[in-house]
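Visitor: Here is my input, please return the structure:
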Amino acid sequence: MNFFVSCAKGLEYLLADELLAMGLPRATATISGVNAEGELRDAQRVVLWSRLASRVLWPLQEFDCPDENSLYQGVAAMPWDQHISPELTLSVDAHVSGTAITHARFAAQRVKDGVVDSLRGQGMERPSVNVEFPDVRINLSLRKGRATISIDLGGGPMHRRGWRMAQNDAPLKENLAAAVLLRANWPKIHAEGGGLLDPMCGSGTLLIEGALMAADVAPGLQRHGSIPPSRWRGFDQAQWKELTAEAREREQVGRAALKQVIHGSDIDPQAIRAAKENAEVAGVSEAIWFGVRDVADVQVPPQETGCVVCNPPYDERLAADTVLYRRIGDALKRAVPTWRASLLCGSADLAFATGLRAAKKYQMFNGAIECALIVCDPIAVPERENAGQPRELSEGAQMVANRLRKNLKKFKNWLTREGITCFRAYDADLPEYAAAIDVYREDGGKARTFLHVQEYAAPATIPDADVRRRRNELLAAAREVFQVPAEQVALKSRERGKGGSKYGRFEQRGEFILVRENDALLRVNLFDYLDTGLFLDHRPLRTHMAQESRGKRFLNLFCYTGVASVEAAVAGASSTTSVDLSGTYLQWCADNLALNGKGGSQHTLVQADAVTWLEAEKNRYDVIFCDPPTFSNSARAEDFDIQREHVRLLRAAMERLTSDGVLYFSNNFRRFKLEENAIAEFANCREISAQTIGPDFERNARIHRAWELRRV
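Guide: Modelled structure (predicted):
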């Protein structure tokens, strides 16, 4: 069976690895969870053993669900007498997306009605509802008009381990604590005799979770024990007893081998009392030393090696103080400079404030709060020997370095004259080193230089070893020429796999930097997504549109992060309107506008399908920019294909254009063919692609095409 294991955002890949380690035949990361494959015994093992999962959902039925009546009918038609007895209590959780049903509580109510009416129709009593502790917990997932009805095998949130009796403000969920510990490599460090330290331990979540992890205690044991977590009739109670019996045996061995190497402190005596109480309930109090100390006075553990885990304060209830973060970093460098650290910080800025050099950065979510997890190994990075001396490059790397220096020399006058700080420095100039290298120079702050490297797909005839060698040589050359550390190089690397070459996992660092283009400050993210938030190839067209928009009304369709809108606003546009289906991109656009002091009613953001919005819009605009994707599918709108839809799109856009206005249309579909005869019915059109390609994209002049359209 295929089943779904949910988790907090940012834990998906860790969870997939955990499930595969449990022996599941397949586990594929997706948004906020993992699509898993296995038998019911495998799913029940996940309920018992997963440290990262939030829920385990075993599907019962899937059906089309265009409206609430279809939802009710689909649920009522299911054989609920095979799943639940009338004397049991039930609860329904619902997660909905799309336009058919928009209220989760209403959807849950209709599912409950369907279950109850189905049982009553067979002459059975009506089961009762128990929201907190039901015998059977049912889950509805409604997405793109398809409803999936599942049983929540864990009976509720799996982060609750059963040992938390007391807590301080804003406690960390146990499954997120487990992720911090796994990123710290704590199980291996404990096995090798290393220590664990939390200098701001609060109510002890990280340390207690670390002790139970080291002792090989199944997270579900204290939560459920031998009692099955669900009384669903399909739950295999005999297998659950076997699984828990095996877990008890492992626990007995693990607790006996648990080393007393765990240290925690906090400045708040009440927090330490809560931590001790929780550790007592969890049965690990003898393995953890707790003390009341300021972070600056952190005790140096006796172990030579180990890891530090910490979740410093950062949210609305606990003020995020950059000075405190700096004190944490300084204290750790003094106390345990050679240890490894895994610190869950409230933001990338707070992580930066520690002054620690992160080897890895990950984006995680503590509830609704987006956090930055940094991993430092070691905490205090030793000064590089022979610092400042050029690295020795291989012959291939030296060729790439020579070409980069040649390109920089060629671009030097142009970059200085135009004030350009973000540009393409290399674009597969040497065919065997097939990648694009883009330069992003930070505006303000430390004025750092970042490199964004996108690898092109290598021919199938090239051995993987050669692909890796060439990649490493290209990276070595780029770092040497630009003198940047590894953490300032974002690599989007192609991986070979089923279905062809594709980009691998992204880092999820949650790190934004500020750059400048055409007098506009812009936020870019080089590590978390395939694209950075700034399409460099459109720079000349954005410059032209910004100049043309002074005193005029500017419309940006498929606006992405709103860069064209921001530059038009900075150049003096009387108003801007930015349309995109993605709320994430619109928020990014709003942040970019705010950076430049542009807000208020004259700068409008619209979350909508661009074509549908255009056909309903009444206002007119002087300058319109339309840069649609080649293809798009979304739960919020119909599928979009640029070749199929471009005439309809352009006709609708021209209807919104003033009599003397101009529409700039662009796309990057290599095989796109403009239907000139159809366009001629409503617009004068000329191709301007050559004028929109800057010197840094001359090698790849087909990266996009652009047209200028005016009213007939």
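Visitor: What sits closest to Leu221 if chain neighbours are left out?
Guide: Beyond its immediate neighbours in the sequence, the residue positioned closest to Leu221 (C-beta to C-beta, 6 or more residues apart in numbering) is Ala247, lying 5.6 Å away. Every C-beta, even on glycine, is put in place using the N, C-alpha and C of the backbone.
Visitor: OK, contacts around the one you found?
Guide: Residues in contact with Ala247 (C-beta atoms under 8 Å, 6 or more residues apart in numbering) are Leu48, Trp49, Val217, Ala218, Gly220, Leu221.
Visitor: Give the buried subset of these as a PyMOL selection command.
Guide: Applying 16 or more other C-beta atoms under 10 Å to those leaves a buried subset, and the PyMOL line that selects it is:
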select buried, resi 48+49+217+218+220+221
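Visitor: which among the contacts of Ala247 gets closest to Arg405?
Guide: Ranked by distance to Arg405 (C-beta to C-beta), those are led by Trp49 at 54.2 Å.
Visitor: Distance check, the closest one against Thr148.
Guide: Between Trp49 and Thr148 the distance is 24 Å, computed by C-beta to C-beta, to the nearest Å.
Visitor: Quick check: next helix or strand after the helix or strand bottoming out on mean pLDDT in the chain?
Guide: Sorted by mean pLDDT, DSSP states H and E, the helices and strands of the chain end with strand 500-503, the least confident at a mean of 56. The C-terminal neighbour of strand 500-503 among helices and strands, as given by DSSP states H and E, is strand 513-517.
Visitor: That following strand pairs with which strands?
Guide: In the sheet, strand 513-517 lines up against strand 520-524 (antiparallel) (DSSP bridges).
Visitor: Now find how far off-centre the next helix or strand after the strand it pairs with is within its chain.
Guide: Toward the C-terminal end, the helix or strand that comes next after strand 520-524 (DSSP H and E) is helix 539-548. Once both centres are worked out by C-alpha atoms, centre = their mean, to the nearest Å, helix 539-548 turns out to sit 32 Å from its chain's centre.
Visitor: Against which helices or strands is helix 539-548 packed?
Guide: Here helix 539-548 touches helix 563-571, strand 621-626, strand 657-667, going by 3 or more C-beta pairs under 8 Å, 6 or more residues apart in numbering; DSSP states H and E.
Visitor: residues of the following helix or strand past the last one that come out buried?
Guide: Same thing as strand 657-667. Next in sequence after strand 657-667, counting helices and strands by DSSP H and E, comes helix 676-680. Of all the residues in helix 676-680, those buried under the rule 16+ other C-beta under 10 Å are Ile679.
Visitor: From the chain's centroid, how far away is helix 676-680?
Guide: With C-alpha atoms, centre = their mean as the basis, the distance from the averaged C-alpha position of helix 676-680 to the chain average is 42 Å.
Visitor: following that helix, which helix or strand comes up?
Guide: Downstream of helix 676-680, the first helix or strand assigned by DSSP H and E is strand 683-687.
Visitor: Tell me how far the residue in the chain sticking out farthest from the centre lies from Asp81.
Guide: Most distant residue from the mean C-alpha position of the chain: Gly123, 48.7 Å away (C-alpha atoms, centre = their mean). Between Gly123 and Asp81 the distance, using C-beta to C-beta, works out to 10 Å.
Visitor: Low-confidence stretches in the protein?
Guide: 166-170, 315-320, 383-391, 494-508, 633-638 (pLDDT under 70).
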